[in-house]
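Trainee: Here is my input; please provide its structure:
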Amino acid sequence: MHTLHHGFWIYFFTRHHPKVWQFVLGSMLPDYIYVVLLIIIMANGYVTWTELGNLSPRVLMGFVSQFPWVVKIDLIGHSVPIWLGCLLLSFLPGIKHFRPFIIGWGTHLLFDALTHGAYSNFYLYPLAAYTVESPVSYWEGNHWFREFGYINTGLMTVVAIYLVYEWWKKRKSIQ
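Mentor: Next up is the predicted model:
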């Protein structure tokens, strides 16, 4: 699932929670490293602003081998044991305020497990190199990416219309 889609879906499901933006930011956490990678490859002239809109995940992943530290940060961000350790730490008194952020991060791991085919993540890093390969992928042609895209985009459109309706109804009741 694309990074912003993680944020969209967690926003929809947590929009009435007072810490909704912590959930949203946490849900995109593991992929922030790719924003940094995009900035670096653009600064080095590998990709221009005009090419950015057509940059596929496959092409972006091709740059990862040139920046091995990106792989390490990606492994850490997509690791269930590391996430679980952070979640357990969030039950300590001084750290409990980060729990919505950490739960949002966990939803990212769950959605990735459901939407990553051949290029799935090593979820048990650093303990093991096991992956969960979903039969569905959001960008791999041989893993139903087109069908997934239609369904995800359709559902997001319906939800966006509902959110606008909800906002309009609330705004109208205030006036």
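
Trainee: drop to CA atoms for contacts and neighbour counts, all remaining ones
Mentor: Noted.

Trainee: buried residues in stretch 42-57?
Mentor: Using 16 or more other C-alpha atoms under 10 Å as the test for burial, stretch 42-57 gives Val47.

Trainee: Now find how far off-centre that stretch is within its chain.
Mentor: 20 Å (C-alpha atoms, centre = their mean, to the nearest Å).

Trainee: Straight-line length of it, end to end?
Mentor: Terminal residues of stretch 42-57 lie 15 Å apart, using C-alpha to C-alpha, to the nearest Å.

Trainee: cool, stretch 114-128 as well?
Mentor: 19 Å.

Trainee: quick one: average pLDDT of it?
Mentor: The pLDDT scores in stretch 114-128 average 83.

Trainee: Same question for stretch 37-55.
Mentor: 87.

Trainee: Leaving out chain neighbours, which residue sits closest to Met42?
Mentor: Leaving aside its chain neighbours, Met42 sits nearest to Thr48 (5.9 Å; criterion: C-alpha to C-alpha, 6 or more residues apart in numbering).

Trainee: no, scratch that, I was asking about Ile41
Mentor: What sits nearest to Ile41 in space, not counting adjacent residues and going by C-alpha to C-alpha, 6+ apart, is Val47, at 6.1 Å.
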